[in-house]
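Trainee: here is a sequence with its predicted model. Questions after.
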Amino acid sequence: MTTQHTIQDIYTILDQVCDPEIPVLTILDLGIVRDVRMNENETEIIITPTYSGCPAMNVIEAEIHSALEDAGIWPVKVTTVLSPAWTTEWMTENGRAKLLQYGIAPPAENARLDAMLGMDSPKACPNCGSSHTEIISQFGSTACKALYKCLDCQEPFDYFKCH
């Protein structure tokens, strides 16, 4: 194992690993990296999937291995933990801004509370900013998104559901 890398170096490398389903977001933007541990035998990356059955996690794990090994960091162990469950509250502000710029309505800061109150919906259309929207389907292009339509600009858009 190469010892010249710091934990901050590893986080910098991990910030280049993108989510395969929403490539504008890195795994740090999503908040799925829980911890980085270094010892004399290996570097361990602890991750939590956005959903326990998320099909992208195998790709993400392979990308983590590839990115770190390309930087001379090996061996690498990726450990998945399911508890506590991932929440959209772990997403970074930068990640939320990237979603909006990409055309996906991000979950609100208090989205978890809204969802518990039965009000989980985008605050505004990512295309025109209108709050005059309606849900088309509870499921969008991936399980973590719902499909909405703006009633002002008439454009459909994904909303990153809170959980």
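Mentor: Cool, got the structure. Small disclaimer: the values here were computed from a predicted structure and weren't measured.
Trainee: from now on I want contacts and neighbour counts done on CA atoms only, so please keep to that.
Mentor: Fine.
Trainee: residues near Glu134, how many?
Mentor: A total of 14 residues lie near Glu134 under the criterion other Cα atoms under 10 Å.
Trainee: repeat that for Asn39.
Mentor: Residues lying near Asn39 (other Cα under 10 Å) number 9.
Trainee: what do you get for the one 10 residues further on?
Mentor: Residue neighbour count, defined by other Cα under 10 Å, stands at 22 for Pro49.
Trainee: contacts only, for it.
Mentor: For Pro49, the contacting residues are 32, 57, 80-82, 86, by Cα atoms under 8 Å, 6 or more residues apart in numbering.
Trainee: how much space is there between Asp19 and Trp74?
Mentor: From Asp19 over to Trp74 the distance is 22 Å, taken as Cα to Cα, to the nearest Å.
Trainee: coming back round to it: now list the buried members of the contacts of Pro49.
Mentor: Among the contacts of Pro49, those scoring as buried are 32, 57, 80, 86 (criterion: 16 or more other Cα atoms under 10 Å).
Trainee: and the contacts of Pro49, which two are furthest apart?
Mentor: Within the contacts of Pro49, Met57 and Trp86 form the most distant pair, 13.0 Å apart (Cα to Cα).
Trainee: confirm Ile64 sits in a helix?
Mentor: Yes - per DSSP: H, G, I helix; E, B strand; the rest coil, Ile64 lies within a helix segment.
Trainee: for burial, what's the neighbour tally of it?
Mentor: 22.
Trainee: now do the helices in this protein.
Mentor: Per DSSP state H, the chain has helices spanning 7-14, 27-30, 57-70, 93-102, 111-116. These are given in chain order.
Trainee: output the contacting helices and strands for the third one.
Mentor: Helices and strands touching helix 57-70, by 3 or more Cα pairs under 8 Å, 6 or more residues apart in numbering; DSSP states H and E, are helix 7-14, strand 76-80.
Trainee: for the chain, give me the ranges with low pLDDT.
Mentor: Under the criterion pLDDT under 70, the flagged ranges of the chain are 1-3, 109-120.
Trainee: save the helices of the chain as CSV, and put in distance to Glu44 too.
Mentor: Formatted as CSV, the entries for the helices of the chain read as follows, by distance: least, Cα to Cα, whole Å:
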stretch, distance to Glu44
helix 7-14, 10
helix 27-30, 15
helix 57-70, 10
helix 93-102, 24
helix 111-116, 30
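Trainee: out of these, which comes closest to Tyr159?
Mentor: Ranking the helices of the chain by their distance to Tyr159 (criterion: Cα to Cα) puts helix 93-102 first, at 9.3 Å.
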